[in-house]
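Visitor: 3D model of this:
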Amino acid sequence: MHVIVYVGVSIDGFIARPGGGVDFLDTDQPPADDMGFGALLERVDVLVMGRNTFDFVIDSGFDWPYGELPVRVATSRPLELSSELAATVAPVSGSTEEIVAALEAEGFATAYVDGGALAGSFFAEDRVDELALTFVPVVIGEGIPLVTGTPHDLGFTHRSTTSDPNGFVQIWWERNRS
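Guide: Here you go, the predicted structure:
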């Protein structure tokens with residue numbers, strides 16, 4: 001399973017405010033394009049989303065942004081789905097390795113992992129193969145970091161850097177596995 005983490009962060013490296021808010025990602029001047037998000041969704045065959053992120057997306061009031069892409073929600077709580085979402089969304093649970101095994105058993109090969117705690121567990125188990133950080137031009141001072149601990153250093157190689165006129169800077173890295 002090839003795992004990609006794609007996330008927005010403040011300049012000072014936080015993915016959310018201390019209470020989980022991500023309002024700082026919405027700037028007065030949005031990026032000129034989708035910062036590669038559409039291309040990411042075309043590359044993956046499943047989105048694995050943390051439960052808090054799923055609830056946030058559902059409660060946002062926006063239309064479901066993932067179309068027909070299969071979505072697996074990492075949760076230990078019951079997942080109530082509308083009939084519309086039940087066709088593509090399902091729960092998954094267990095350790096990182098159990099989640100990966102369940103995804104592979106469904107025939108998935110490339111996963112986009114979304115959600116701070118979930119991504120952190122994939123980093124802790126050294127299961128992240130690509131990382132895209134989109135830096136938003138704001139310092140929030142305190143918040144939730146993407147990674148809170150790994151058993152050892154995880155080296156990545158730079159793949160590309162792009163910038164947007166609004167000040168967003170996106171960096172893609174690939175995990176060194178040699």
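
Visitor: Strands along this structure, start to end?
Guide: Listed in chain order, the strands of the chain (DSSP state E) span 2-10, 14-16, 46-50, 71-74, 89-92, 110-114, 130-136, 144-145, 156-163, 169-175.

Visitor: For the longest one, which strands pair with it and how are they oriented?
Guide: Strand 2-10 has its sheet partners listed here by DSSP bridges as strand 110-114 (parallel), strand 130-136 (parallel).

Visitor: The shortest one vs strand 46-50, what angle?
Guide: Interaxial angle of strand 110-114 relative to strand 46-50 (axes from the mean of the first three to the mean of the last three Cα atoms, to 10 degrees): 20 degrees.

Visitor: pLDDT of strand 110-114, averaged?
Guide: Strand 110-114 shows a mean pLDDT of 97.

Visitor: ok, how many other residues are close to the closest residue to residue 93 other than its chain neighbours?
Guide: What sits nearest to residue 93 in space, not counting adjacent residues and going by Cβ to Cβ, 6 or more residues apart in numbering, is residue 76, at 5.4 Å. Backbone N, C-alpha and C define where each C-beta goes, glycine included. As a burial measure, residue 76 scores 9 neighbours (other Cβ atoms under 10 Å).

Visitor: Residue 76 and residue 94, how far apart?
Guide: Residue 76 sits at a distance of 9 Å from residue 94 (criterion: Cβ to Cβ, to the nearest Å).

Visitor: rewinding a little: pick the most deeply packed of the strands paired with strand 2-10.
Guide: strand 110-114 (a mean of 22; mean count of other Cβ atoms under 10 Å).

Visitor: ok, the residue most central in space within the chain - contacts?
Guide: Of all residues in the chain, the one closest to the mean position by Cα atoms, centre = their mean is residue 114, 2.4 Å from it. For residue 114, the contacting residues are 5, 6, 7, 47, 48, 49, 50, 53, by Cβ atoms under 8 Å, 6 or more residues apart in numbering.
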